[in-house]
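# Need coordinates for the following:
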Amino acid sequence: MMKHPLREKLLGFMASLPVPAENDGDVIVRPDGVQEFAKNWLLRGDRWEDGVFASLSDVEDVIEFGLLAREGGAPRNLLHATLVLEAEEALLHVISQERSEMNYERRVSADACAPLDNALRYFAELVRTTH
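A predicted model of the protein is given here:
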């Protein structure tokens, strides 16, 4: 597709957080200049038993970010957000086992992005308090 204002907003916000520069695998630069990538990192503890693991990816105009906690090996979804970019808008799907108010699906745009801002703030809160 193309560069998108919601992509710029989301990735700009993520740049203000302690997100590692390293990606999982290669970064692919599309003909339209968009860089596709995926990264996963451990915020604290152990990846498989007791800890918190974060992820961020941007592939084929679908951006995902989230946090997964493990307690005694059992996974718990703290937050998972999927933003599917379209020409002018995007579809945002957010789920969380921690906060029921963080379970929603909304259409967002550059001018109407409060649901995306809400998900980003919660992600940042969790990253900063867990890191």
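# Could you find the closest non-adjacent residue to Q97?
Distances taken as CB to CB, 6 or more residues apart in numbering put N77 closest to Q97, at 4.7 Å, once the chain neighbours are dropped. Any C-beta I mention is one placed from the backbone N, CA and C, and that applies to glycine too.
# Apologies, that question was intended for R76.
Residue nearest to R76 in three dimensions, not counting chain neighbours: A69, with 4.6 Å by CB to CB, 6+ apart.
# What helices and strands are in contact with the host helix or strand of that neighbour?
If you go by DSSP states H and E, A69 is part of strand 62-71. If contacts are counted by 3 or more CB pairs under 8 Å, 6 or more residues apart in numbering; DSSP states H and E, strand 62-71 sits against helix 5-15, strand 51-59, strand 74-85, helix 114-130.
# Give me the below-cutoff pLDDT ranges for this structure.
By pLDDT under 70, the low-scoring segments of the chain are 1-2, 131.
# Residue nearest the middle of it, spatially speaking?
With distances taken as CA atoms, centre = their mean, the residue of the chain nearest its centroid is F65 (1.6 Å).
# residues contacting the closest residue to that one other than its chain neighbours?
Closest residue to F65 apart from its sequence neighbours, by CB to CB, 6+ apart: L56 at 4.7 Å. Going by CB atoms under 8 Å, 6 or more residues apart in numbering, L56 touches 14, 19, 38-39, 63-65.
# Please tell me how far L56 sits from P5.
Going from L56 to P5 by CB to CB, to the nearest Å gives 18 Å.
# go on, E88?
Here E88 is placed at a distance of 9 Å from P5 (CB to CB).
# can you check F13 too?
13 Å.
# Do I have it right that G25 meets A38?
Yes: judged on CB atoms under 8 Å, G25 makes contact with A38 at a distance of 6.7 Å.
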